[in-house]
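Asks: below are the sequence and a predicted model for it; my questions follow.
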Amino acid sequence: MVNNVNVWIDGKEYEVPENMTIIEAADKYGIYIPRLCYHPDLPPTANCGVCVVELEGAPVPKRACCTPVAQGMKVVTNSLKLRSYRKTLVEMILSNHEVVCPTCVANNKCELQTLANNMGIDPYALPNIVSEKEVDLSSYSIIRDPKKCISCGRCITVCNEVQTVYALTNSARGIESEITTAFGRGMALSPCVNCGQCTVYCPTGALRERSEVDDVWDAILDPDKHVIVQEAPSIRVSLGEEFGLPLGTVTAKKMYAALRKIGFDSVMDTNFTADLTIMEEGTECVNRLKAGEKRPLITSCSPGWVKFMETYYPDLADCVSTAKSPMSMFGVLSKTFYAEEHNIDPAKIVSVAIMPCTAKKFEARRPELRDSGYQDTDYVLTTRELLRMIKEAGIDFANIAEEEPDEGMSFYSGAGTIFGATGGVMEAAIRSAYTLVTGEELENIDICAVRGFEGIKEATINIPGFGDLKVAVAHGLGNARKVMDRVRASLAETGESPWHFIEIMACPGGCVGGGGQPYGNDIASRARRGLALYEEDCSLPVRKSHHNPEVQRIYEKYLGAPNSPLAHKLLHTNYFKRSISDGSVVSEATKKH
Amino acid sequence: MYKEICSKYAPTKDNLIYILHEIQDAEPQHYISKEAVLAVSDYLKLPENHIYGVMTFYSMYSTTPRGKHIIRLCESPPCYIKGSENILRKLGIILGVEVGETTKDGMFTLELCACLGVCGNAPVMMINEDVYGDLSEEKVEEIIESIRGRQ
């Protein structure tokens, strides 16, 4: 039971719960306190000092982000003294920041830029003292640029406390302090799983994706290349917000039109291979259930989760579905099935994926994902990178006429589209697994128990002929760790898992909250995008993966049946055990498929 | 060796800095190696990045091999006023190294430190466990020579 207290903010009385901080209380009532390092999704780091307020009776100003409210507290949020304090602080932060706003990826989204602009800061008030520090280019996914870092510490919080990945840390102190990896080895030589949540919460452009925009333009403008593009489920609900459309507007057909206008030769859809994943993974699940397997089956779509598992839970690698992610299934099919059907030399095909994800860049470069004889997926662009391309091409996205995708690998069911939200893969799998086990159709296909933003969701679904199917859904790697610890302990004690089937997505909220999503990607906007996917699901004529006519066609024409030898060769993969120190491969964790 | 040192302490994270100190003292080159961090990480169930953060926060720890004798010259204001800058320049000339570097023969590492608590004898430096006060350029030369002579 939380009691309320009365506080006075700028002379007015408010009633707020006693466990709030001053900044939370002010936000609740729409009173703005300037801030830089504070983010409402994360515990405060109290590093920047910009949110200082005056408290009656306190000798010096206090940070609103980490000072709890108290009965009778009298807070002043603006005064001559506070303005002067804040100005000095922002001037000092700017003086130790590489100010290259025009070309920075965070331009117009940068919280430091906005704050300095709002406060009318003179950028030359103090001399710039940024020292030459090496930009960390080691990772395929994430660039760490210490010259733009303002040491707010959000990335450390999200990496260590939310995701429990333990890659980023503070080193040294004072002017020499730097946010880095253990021994400064670099992101690629750390336990970093490339989830990119650090890039989402970085207030500046210090942590950002490694851009492949130029490579993709080069391919598009090369007349010898045939460039095929796929877009992940969550992309269609994340593009509109940048162009003034309401958050969570479904813009699939505008997206196809924009991609065609940019110049992609073939515009397909990852949602198609999401449906295909359900056929492969669902069949794998049902086969395991029929065989009485005591170990759980865990989803494998999320590359951040897969590397996390290889690093921290390689002993449970055999529990992870061997099915490749929808992106990688699309990649391999684009250079086999698609190439054959359209009579195109696969060497000339450039397969591009638009993903909400930074970890997909790493996944695309996994040496084992070359079953087409080529690198299956050539380039991965994040949602942010696609937005930049749309703007570079001068496309009026909000008003562009809607178009259909090209046929063959683009039709999708509602089950495919909800892959982009936490719980979606589970729900999609249940819709089809039910039919695979019973031969009948599941009537009530809205499985609400696995929807929503609770960190770990559990449900029991009765399947006639099998019994109770126990499932769990975790999103955010901190929650994944809790689930995996329970699985590991339960297997050790009783030889049996608490759940038959587990869905794990690395990012809080699932792909709608991915590390490559547009700036301003907070929990509230993730939830809105997730809802939009469920709304789209309801509006689609086909809502189960096994009813997708293009999926049925590819099995008839090419793959045979789910888990057939060819399906296994192209659509399944194997996993490795990785070093906790530097992420390098130590040994095989599962047999090569 | 690392496991042996670790096992003297309970595996709780408040013992981290004691374990790191003992490992560094046992190491002839006065530093904490990556292998040592891995062993401590294993023992305390603390991620390596966390240990790295702690050991770089405290200037007493080093992540790179150092000389047999570690010179720590005080750079706090009282010593500065009494001429520590001249002492630093002299040490640089005698040893042929900059701050943070180790002499080629592996004998000396030159470092700066905060107040050693004997401001009455400023300027002050420590060489390993011994404190030397009331330094002058001549005295510094004698001290270094005598340590070299002892070898």
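Replies: On my side now, so go ahead.

Asks: tell me which parts of chain A are close to chain B?
Replies: Residues of chain A lying close to chain B by CB under 8 Å from any CB of the partner chain are A:160, A:166-173, A:181-183, A:190-191, A:580-581. In this view, the C-beta of every residue, glycine as well, is placed from N, C-alpha and C.

Asks: what's the most distant pair in those residues?
Replies: In terms of CB to CB, the residues of chain A next to chain B reach their longest pairwise distance at A:Arg173 and A:Ile580, which sit 25.6 Å apart.

Asks: look at these two and report which has more neighbours.
Replies: Taking neighbours as other CB atoms under 10 Å in any protein chain shown, A:Arg173 and A:Ile580 compare with A:Ile580 leading, 16 against 13.

Asks: so for that one, what pLDDT did the model give?
Replies: Note on A:Ile580: pLDDT of 95.

Asks: let me know the pLDDT of the closest residue to A:Cys104 other than its chain neighbours.
Replies: Excluding its sequence neighbours, the residue lying closest to A:Cys104 (CB to CB, 6 or more residues apart in numbering or on different chains) is A:Gly205, at 4.3 Å. A:Gly205 is assigned 96 on the pLDDT scale.

Asks: go on, A:His593?
Replies: On the pLDDT scale, A:His593 gets 67.

Asks: kindly report the same for A:Gly174.
Replies: 86.

Asks: where does it fall, phi/psi-wise?
Replies: A:Gly174 adopts backbone torsions of phi 60, psi -150, taken as degrees, to the nearest 10.

Asks: go on, B:Met107?
Replies: Main-chain torsions, B:Met107, degrees, to the nearest 10: phi -80, psi -50.

Asks: what's the answer for A:Asn563, then?
Replies: phi 60, psi 20.

Asks: for it, grab the count of nearby residues.
Replies: By other CB under 10 Å, 20 other residues sit near A:Asn563.

Asks: that one is in contact with A:Gly282, isn't it?
Replies: No - using CB atoms under 8 Å, A:Asn563 makes no contact with A:Gly282, being 9.9 Å away.

Asks: mind listing what the closest residue to chain B within the stretch 451-593 of chain A touches?
Replies: Residue nearest to chain B within the stretch 451-593 of chain A: A:Ser581 (6.0 Å; CB to the nearest CB). Contacts for A:Ser581 (CB atoms under 8 Å, 6 or more residues apart in numbering or on different chains) come out as A:Ala182, A:Pro191, B:Lys34, B:Leu38, B:Glu48.

Asks: which residues sit in contact with the first one?
Replies: I take that to be A:Ala182. Contacts here follow CB under 8 Å, 6+ apart; on that basis A:Ala182 touches A:Thr169, A:Ser190, A:Ser581, B:Val37, B:Pro47, B:Glu48, B:Asn49, B:Ile51, B:Tyr52.

Asks: quick check: which element contains A:Asp218?
Replies: helix A:213-220 (DSSP states H and E).

Asks: can you list contacts of the following helix or strand past that helix?
Replies: On the C-terminal side of helix A:213-220, the nearest following helix or strand under DSSP H and E is strand A:226-231. With CB under 8 Å, 6+ apart as the test, strand A:226-231 has contacts from A:216, A:219-220, A:255, A:259, A:263-270, A:273, A:327, A:330, A:334, A:338, A:344, A:348-354, A:409.

Asks: and the residues you listed, which of them are buried?
Replies: For the contacts of strand A:226-231, a burial check counting by 16 or more other CB atoms under 10 Å in any protein chain shown picks out A:216, A:219-220, A:255, A:259, A:264-270, A:273, A:327, A:330, A:334, A:338, A:344, A:349-354, A:409.

Asks: filter these down to the ones in helices?
Replies: Members of the buried ones among the contacts of strand A:226-231 lying in helices (criterion: DSSP state H): A:Val216, A:Ala219, A:Ile220, A:Met255, A:Leu259, A:Thr270, A:Thr273, A:Met327, A:Phe330, A:Ser334, A:Tyr338.

Asks: partners of the spatially closest residue to the first one that is not a sequence neighbour in the sheet?
Replies: Put plainly, it is A:Val216. Closest residue to A:Val216 apart from its sequence neighbours, by CB to CB, 6+ apart: A:Tyr379 at 5.2 Å. A:Tyr379 has these beta-bridge partners by DSSP bridges: A:Val352.

Asks: gap between A:Tyr379 and A:Val16?
Replies: Separation of A:Tyr379 from A:Val16 (CB to CB, to the nearest Å) stands at 49 Å.

Asks: over to A:Lys569?
Replies: 61 Å.

Asks: residue furthest from the geometric center of chain B?
Replies: Largest separation from the mean C-alpha position in chain B: B:Lys45, at 26.8 Å (CA atoms, centre = their mean).

Asks: so which helix or strand takes in the closest residue to that residue other than its chain neighbours?
Replies: Spatial nearest neighbour of B:Lys45, excluding adjacent residues (CB to CB, 6+ apart): B:Pro11 at 7.1 Å. For B:Pro11, there is no helix or strand it lies in under DSSP H and E.

Asks: before we move on, what about the one 10 residues further on?
Replies: Taking DSSP H and E as the definition, one finds B:His21 inside helix B:16-26.

Asks: follow-up on the earlier one: who has more neighbours out of A:Lys569 and A:Val16?
Replies: Just comparing A:Lys569 and A:Val16: by other CB under 10 Å the higher neighbour count belongs to A:Val16, 21 against 13.

Asks: wait, that one sits on A:Trp8?
Replies: No - with contact defined as CB under 8 Å, A:Val16 does not count as touching A:Trp8 (11.1 Å).

Asks: could you list the domains of the chain?
Replies: Since you didn't name a chain, this refers to chain A. As given by automatic domain parsing, the domain ranges for chain A are A:4-78, A:93-209, A:214-588.

Asks: you answered for a different chain; I wanted chain B.
Replies: According to automatic domain parsing, chain B comprises the domains B:2-57, B:69-150.

Asks: closest to A:Ser432 out of those domains?
Replies: Across the domains of chain B, closest to A:Ser432 is domain B:2-57 (CB to CB), at 39.3 Å.

Asks: which residue comes closest to the residue most central in space within chain A once chain neighbours are left out?
Replies: For chain A, the residue nearest the mean C-alpha position is A:Gly514 (1.5 Å; CA atoms, centre = their mean). Nearest residue to A:Gly514, sequence neighbours excluded (CB to CB, 6+ apart): A:Pro356, at 3.3 Å.

Asks: that neighbour contacts A:Cys511, correct?
Replies: Yes - contact criterion CB under 8 Å: A:Pro356 and A:Cys511 qualify, at 4.7 Å.

Asks: mind checking which of the two has more residues around it?
Replies: A:Cys511 (35 against 30).

Asks: and the residue lying closest to A:Ile344 once chain neighbours are set aside, how many residues sit next to it?
Replies: Nearest non-adjacent residue to A:Ile344, counting by CB to CB, 6+ apart: A:His226, 5.3 Å away. For A:His226, the neighbour count with other CB under 10 Å is 21.
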